[in-house]
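Student: what's the 3D shape of this:
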Amino acid sequence: MKEVIKLVKSSKDIVLNKSYVDAQKEKGVSDYVTLVDIKVQEHIFNGLKILFPDHQFFGEESEQQKLDFNRPVWILDPLDGTTNLIHSYPQVAVSLAFWNEGRIEFGVVYNPYTDELFTASIGKGSFLNGEPIQVSDHKSLADCLVSIGTSPYHKDDSEAFFRISHKLFMECQDIRRSGSAALDMAYVASGRTDAFFEMSLAPWDYAAGYIIVKEAGGMVTTMDNESLSFKKRSSVFATNGKMHPVILEYFKSIPK
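Tutor: Coordinates of the predicted model:
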């Protein structure tokens with residue numbers, strides 16, 4: 001996957017092009033797209049089509065076509081953290097995952113601002129800029145830093161979410177919110193945080209982060225402790241593994 005990683009990193013100049021950032025429009029409530037999103041997706045998908053002409057491509061800025069998940073699929077968020085980018089808040093990521101034979105086999109999460117590149121391949125571990133990473137060893141909530149995603153496109157469902165977040169805040173060391181689910185999951189994988197959860201994410205938000213956390217020794221499920229499907233929106237809950245059953249108890253009060 002060296003050529004794929006090189007392709008993802010080559011998107012840096014597009015992401016940091018201020019004129020592309022300024023060309024933006026609102027897709028929905030608190031949901032924006034910039035020319036960066038569009039050009040990064042075109043750049044990466046065009047490169048992947050040369051490398052893998054028979055594969056399928058599933059991206060945030062594409063018209064959502066029917067996909068055959070019995071065949072290989074590349075899942076791309078060209079820019080996770082668009083609102084951050086608009087505000088020059090340097091927590092953004094290009095997030096790319098490879099689905100094959102009923103599972104995610106490869107993932108890369110890249111922050112062009114910091115040049116941090118998180119990667120994982122199934123059975124081979126997780127890495128940050130080529131160095132192995134692993135999840136934290138914390139076993140007590142009192143020792144944990146917990147990150148959250150607020151699902152700003154679904155603000156009507158936020159009351160229960162913030163009630164749970166407050167309960168966790170009172171028990172853990174502190175709460176963080178980066179504004180990029182892909183980075184939040186990568187931070188769990190690298191041991192910077194101990195857990196992350198968000199109530200509604202699309203497959204391109206969580207697919208790459210999923211394998212990076214798993215290969216670093218962590219756990220990833222829905223907030224109902226079910227397997228992720230990678231075919232639809234879902235809640236996402238990622239931890240170092242040890243904190244999974246502890247924090248799951250806090251989610252039981254969420255209205256179904």
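Student: next, find the distance separating the residue nearest the centre of the chain from Ala208.
Tutor: Most central residue of the chain, judged by C-alpha distance to the mean C-alpha position with C-alpha atoms, centre = their mean, is Ala182 at 2.2 Å. Going from Ala182 to Ala208 by C-beta to C-beta, to the nearest Å gives 6 Å. Using the backbone N, CA and C atoms, a C-beta is placed for each residue, glycine as well.
Student: mutual contacts of the two, please.
Tutor: Common neighbours of Ala182 and Ala208 are listed as 77, 95, 109 (criterion: C-beta atoms under 8 Å, 6 or more residues apart in numbering).
Student: in a strand, the last one, correct?
Tutor: What it means is Val109. Yes: counting by DSSP: H, G, I helix; E, B strand; the rest coil, Val109 is found in a strand.
Student: mind listing what it touches?
Tutor: 93-95, 117-119, 182-183, 185-186, 208-209, 212.
Student: Ile50 versus Val213, what's the distance?
Tutor: 30 Å.
Student: which one of these two is surrounded by more residues?
Tutor: Val213 (31 against 9; other C-beta atoms under 10 Å).
Student: for that one, pull up the helix or strand it's in.
Tutor: Val213 belongs to helix 203-215 when assigned by DSSP states H and E.
Student: state the mean pLDDT of that helix.
Tutor: Helix 203-215 carries an average pLDDT of 98.
Student: just the CA atoms of that helix, as PDB, please.
Tutor: Taking Å, rounded to 0.1, in the frame of the first residue of the first chain, the C-alpha atoms of helix 203-215 are listed here in PDB:
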ATOM      1  CA  PRO A 203     -18.800   5.000   7.000                       C
ATOM      2  CA  TRP A 204     -16.200   7.300   5.500                       C
ATOM      3  CA  ASP A 205     -15.900   9.000   8.900                       C
ATOM      4  CA  TYR A 206     -15.000   5.800  10.800                       C
ATOM      5  CA  ALA A 207     -13.800   3.100   8.400                       C
ATOM      6  CA  ALA A 208     -10.100   4.000   8.500                       C
ATOM      7  CA  GLY A 209     -10.100   4.800  12.200                       C
ATOM      8  CA  TYR A 210     -11.700   1.400  12.900                       C
ATOM      9  CA  ILE A 211      -8.800  -0.700  11.600                       C
ATOM     10  CA  ILE A 212      -6.200   1.700  13.100                       C
ATOM     11  CA  VAL A 213      -7.800   1.300  16.600                       C
ATOM     12  CA  LYS A 214      -8.200  -2.500  16.200                       C
ATOM     13  CA  GLU A 215      -4.700  -3.100  15.000                       C
END
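Student: next helix or strand past that helix?
Tutor: In N-to-C order, the element after helix 203-215 by DSSP H and E is strand 219-221.
Student: which of the residues in the strand or helix carrying Thr83 are buried?
Tutor: Counting by DSSP H and E, the element that carries Thr83 is helix 82-86. Under the neighbour-count criterion of 16 or more other C-beta atoms under 10 Å, helix 82-86 has 82-85 buried.
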